[in-house]
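Asks: Sequence and predicted structure are below.
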Amino acid sequence: MGILIEDKYRKWEEKCDERFRRLKANEEELNRIFAGLYGLGKEISPEVDESRISVSRADLSREVRSLISYAVGCIFGRFSPDREGLCYAGGRWEPGCYGRVIPVGDNIVTITPTGTDWDITQRFSDFVAKVYGEDVLEKNMAFIAWALGGREEPGKTVGEYFQRGFYADHLRTYRKRPIYWMVSSGPRKAFCALIYYHRYEPGVFEMMDRGPLSARIRLLEGELGTLNDSRPCGEGTRKEAERIEKDIDELRSFSVRLEELTERRMILDRNDGIKHNYGLLSEVLEVIR
């Protein structure tokens, strides 16, 4: 029998609320004691405003986003649901850490759909199935989508979060020193993918160009062909075709940049820090503001 994420969250919520109430009660009791000792019982209220309690209550949106971040870490091999703590952040790679969730082999997951195994939404769904159970996958994905505030089909809601919210959350968490780097084709964001900084190797851009980027171009070319073959061709169809053509142009230019970067075989010295190294590859990475 699988595990419902909602049940896990409710238990965590109860634990947080109990901890919050206990700490609040303890602080108020201490206030009463000190007020009594100094004769201030009538001047000072022992009540403590909840906003001043140093432990936080559970927050559904925050907890689910944290779960998604953990899942991404497992997909890249930083974490594993079969081991506690860090599994890989540089150094020696230990395959024995990974059982239920096998990290992506080429250090690439795509944010924009390619219709392939590189797509992060599918990999996240696989993570949820393997960790919490295939039999409750649909319920768990629906709960995650609801927690994200989505009203669409769960897979679509999760995909939109990865496209529009995940990297911003990641940058806030790591204070603009990300460990998952967003590769972006340009202002149209016709292609976006993540790589794990600690697994970076110069050949990653060649693999990206030949693999998921080419798949993305083929996907869009197929959509464009379908639109061009449609009859009658209305204004909406023409605009959509123009949008796809511009995306394809951006992708082809991006492919050239990846080829040039591949030829340079850029080596990163991790002693130089994330900010410096991010700048070395800034021509293909999302701008950090």
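Replies: Received, thanks. Everything numeric here is computed off the predicted structure, so don't read it as measured data.
Asks: What segments of the stretch 51-200 of the chain are strands?
Replies: Taking DSSP state E, counting those that start in this stretch as the test, the strands found in the stretch 51-200 of the chain are 109-110, 180-184, 192-196.
Asks: contacting residues around the shortest one?
Replies: Put plainly, it is strand 109-110. Contacts to strand 109-110, defined as Cβ atoms under 8 Å, 6 or more residues apart in numbering, come from residues 72, 75-76, 116, 118-120, 123, 191-194, 212, 216. Using the backbone N, CA and C atoms, a C-beta is placed for each residue, glycine as well.
Asks: Could you check how far residue 283 is from residue 58?
Replies: Relative to residue 58, residue 283 is positioned 42 Å away (Cβ to Cβ, to the nearest Å).
Asks: swap that for residue 135, please
Replies: 26 Å.
Asks: More neighbours: which of these two?
Replies: Applying other Cβ atoms under 10 Å to residue 135 and residue 58 shows that residue 58 carries more neighbours, namely 17 against 10.
Asks: From the contact counts, what lies against the strand or helix carrying residue 222?
Replies: According to DSSP states H and E, residue 222 maps onto helix 214-229. If you count contacts as 3 or more Cβ pairs under 8 Å, 6 or more residues apart in numbering; DSSP states H and E, helix 214-229 packs onto helix 235-264.
Asks: Pull out the buried residues from the helix it packs on.
Replies: Under the neighbour-count criterion of 16 or more other Cβ atoms under 10 Å, helix 235-264 has 241, 244, 247-248, 250-251, 254-255, 258, 261-262 buried.
Asks: Could you do stretch 70-83 as well?
Replies: Quick answer for stretch 70-83 (16+ other Cβ under 10 Å): 71-81.
Asks: before we move on, what about stretch 187-205?
Replies: 189-200, 204-205.
Asks: Show me the domain layout of this structure.
Replies: Following automatic domain parsing, one gets these domains for the chain: 1-58, 59-284.
Asks: and the ones you listed, which one is worst for confidence?
Replies: Per-stretch mean pLDDT for the domains of the chain is lowest at domain 1-58 (a mean of 74).
Asks: quick one: terminal-to-terminal distance for that one?
Replies: 26 Å (Cα to Cα, to the nearest Å).
Asks: Repeat that for stretch 263-270.
Replies: Start and end residues of stretch 263-270 are separated by 21 Å (Cα to Cα).
Asks: quick one, what contacts residue 147?
Replies: 60-61, 63-64.
Asks: What of residue 245?
Replies: Residue 245 neighbours (Cβ under 8 Å, 6+ apart): residue 224.
Asks: Distance check, it against residue 216.
Replies: The gap separating residue 245 from residue 216 is 14 Å, by Cβ to Cβ.
Asks: next one: residue 156
Replies: Plainly put, residue 156 is 18 Å away from residue 216 if you go by Cβ to Cβ.
Asks: higher neighbour count, the two?
Replies: Per other Cβ under 10 Å, whichever of residue 156 and residue 216 has more neighbours is residue 216, with 27 against 13.
Asks: So the more buried one is in contact with residue 190, correct?
Replies: Yes. Counting by Cβ atoms under 8 Å, residue 190 is a contact partner of residue 216 at 7.4 Å.
Asks: Make JSON lines from the contacts of strand 109-110 and add distance to residue 275 to it.
Replies: As requested, the contacts of strand 109-110 are exported to JSON lines (distance: Cβ to Cβ, whole Å):
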{"residue": "72", "distance to residue 275": "21"}
{"residue": "75", "distance to residue 275": "24"}
{"residue": "76", "distance to residue 275": "20"}
{"residue": "116", "distance to residue 275": "32"}
{"residue": "118", "distance to residue 275": "27"}
{"residue": "119", "distance to residue 275": "29"}
{"residue": "120", "distance to residue 275": "25"}
{"residue": "123", "distance to residue 275": "28"}
{"residue": "191", "distance to residue 275": "24"}
{"residue": "192", "distance to residue 275": "21"}
{"residue": "193", "distance to residue 275": "21"}
{"residue": "194", "distance to residue 275": "18"}
{"residue": "212", "distance to residue 275": "27"}
{"residue": "216", "distance to residue 275": "29"}
